[in-house]
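pasting the sequence and the predicted model now:
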Amino acid sequence: MAGLSKKFVTECKKQLLVLKAESLNRVSNAKTQLGYADARGGDIADQTVKVLAEEEFLRMSTRLRLRLQEIEYALARIESGIYGLCEETEETIEQERLLAIPWARLSLEGAELRESVNRQRAAVGN
């Protein structure tokens, strides 16, 4: 697996599964909390609080959905044997980076390279 030990990859997989469960629990808990606030009526302040709570729920659920997608993709990369391989440089992603962000798809060098390309595209687009 891209120069990573089997033990390390197993630890990352455990971490990814825990993060997946936590993310799913957060969505479930937020839905429950939002359900309590779903009472109709109330004055304008109550309705405003409800709208703000719904907006925050949507923002949070979008972030969690994106994180869950990245977690699922990382788990698929583990199963296919390509976990820890940078999508940009095709080199092994630093273990410290994977410990911090177990769904990382880019090494530090790959992230810098991609950012540089994005800046160049943005400059050309202006």
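Received the coordinates, thanks.

what is the neighbour count of Pro102?
By other Cβ atoms under 10 Å, 23 other residues sit near Pro102. The way it works is simple: take the backbone N, C-alpha and C, and place the C-beta from them, glycine included.

surely it is in contact with Val18?
No: with contact defined as Cβ atoms under 8 Å, Pro102 does not reach Val18; the gap is 9.6 Å.

just for this structure, where's the confidence low?
Residue ranges of the chain with pLDDT under 70: 1-2, 34-41, 126.

ok, the spatially most central residue of it - contacts?
Nearest residue to the geometric centre of the chain (Cα atoms, centre = their mean): Arg67, 2.2 Å. When contacts are counted by Cβ atoms under 8 Å, 6 or more residues apart in numbering, Arg67 touches 19, 23, 103.

using a markdown table, lay out those residues together with secondary structure.
As requested, these are arranged in a markdown table below (DSSP: H, G, I helix; E, B strand; the rest coil):
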| residue | secondary structure |
| --- | --- |
| Leu19 | helix |
| Ser23 | helix |
| Trp103 | coil |
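
need the longest helix for the chain.
Across the chain, the longest stretch assigned as helix under DSSP state H is helix 44-80.

next SSE after that one?
helix 95-100 (DSSP states H and E).

and that next one, what other elements does it pack with?
helix 6-36 (3 or more Cβ pairs under 8 Å, 6 or more residues apart in numbering; DSSP states H and E).
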